[in-house]
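*Asks:* Okay, structure incoming, though there's no sequence with it:
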């Protein structure tokens, strides 16, 4: 009986770690890019700390009101997420604005800087992702895996003792 409890505890620990990783891994299999929102420029709809799921799109098809993620510049790889105010298909540019900002962004976004359209956001999940990717988060995950293996080893030894009685 003790071996079953140890096995169940080990399985539960592994399931918790895998469940925490699912929202950050499975969507990537379907072509989504996942980003962590750092600022309040899109609040209240997308508050800081949210995870956003971005799908590639044809910039010409973007419409006023769509929320997009775009590169600030190609040298740094940094991105920003704002709402489309206007799509100038002739110039190949988008005018964007953060929901919490009073004015549209000063510089239009060239089509070649568009990463994609935001299809979903989940509040707080970006902060969870950041924590899991930190040194401490990785250490905690490794410790949980090690603990699960230890529990399974103890369960196996306990099962062998129960059989020998």
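*Replies:* Noted; the coordinates are in hand. Please read these numbers as outputs of a predicted model, since none were measured by experiment.

*Asks:* If we go by neighbour counts, what in the lengthiest helix in the chain is buried?
*Replies:* If you go by DSSP state H, the chain has its longest helix at helix 135-164. Applying a neighbour-count criterion of 16 or more other CB atoms under 10 Å, one finds 144, 148, 151-152, 154-155, 158 buried in helix 135-164. Placement of C-beta: from N, CA and C, glycine included.

*Asks:* With stretch 113-130 instead?
*Replies:* By neighbour count on 16+ other CB under 10 Å, the buried set for stretch 113-130 is 113-118, 121-122, 125-129.

*Asks:* what do you get for stretch 71-89?
*Replies:* Under 16+ other CB under 10 Å, the buried positions of stretch 71-89 are 71, 79-84, 87.

*Asks:* average pLDDT for it?
*Replies:* The pLDDT scores in stretch 71-89 average 91.

*Asks:* quick one: the helices in the protein?
*Replies:* 2-29, 125-132, 135-164.

*Asks:* what packs against the longest one?
*Replies:* Going back to what we said before, that points to helix 135-164. Packing contacts for helix 135-164, counted by 3 or more CB pairs under 8 Å, 6 or more residues apart in numbering; DSSP states H and E, involve helix 2-29, helix 125-132.

*Asks:* and those, which is most packed in?
*Replies:* Across those, averaging neighbours per residue (mean count of other CB atoms under 10 Å) puts helix 125-132 on top, at a mean of 17.

*Asks:* average model confidence for stretch 106-123?
*Replies:* For stretch 106-123, mean pLDDT is 96.

*Asks:* what's that stretch in contact with?
*Replies:* Stretch 106-123 is contacted from outside by 23, 32-33, 37, 45-47, 49-57, 59-60, 62, 66-71, 73-74, 79, 81, 88, 91-96, using CB atoms under 8 Å, 6 or more residues apart in numbering.

*Asks:* Would you format the helices of the chain as a markdown table with distance to residue 101 included?
*Replies:* Formatted as a markdown table, the helices of the chain follow (distance: least, CB to CB, whole Å):
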| stretch | distance to residue 101 |
| --- | --- |
| helix 2-29 | 28 |
| helix 125-132 | 20 |
| helix 135-164 | 32 |
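
*Asks:* still on that earlier bit, the buried residues of stretch 113-130: which two are farthest apart?
*Replies:* 113 and 128 (28.1 Å; CB to CB).

*Asks:* I'd like the mean pLDDT over stretch 132-147, please.
*Replies:* 89.
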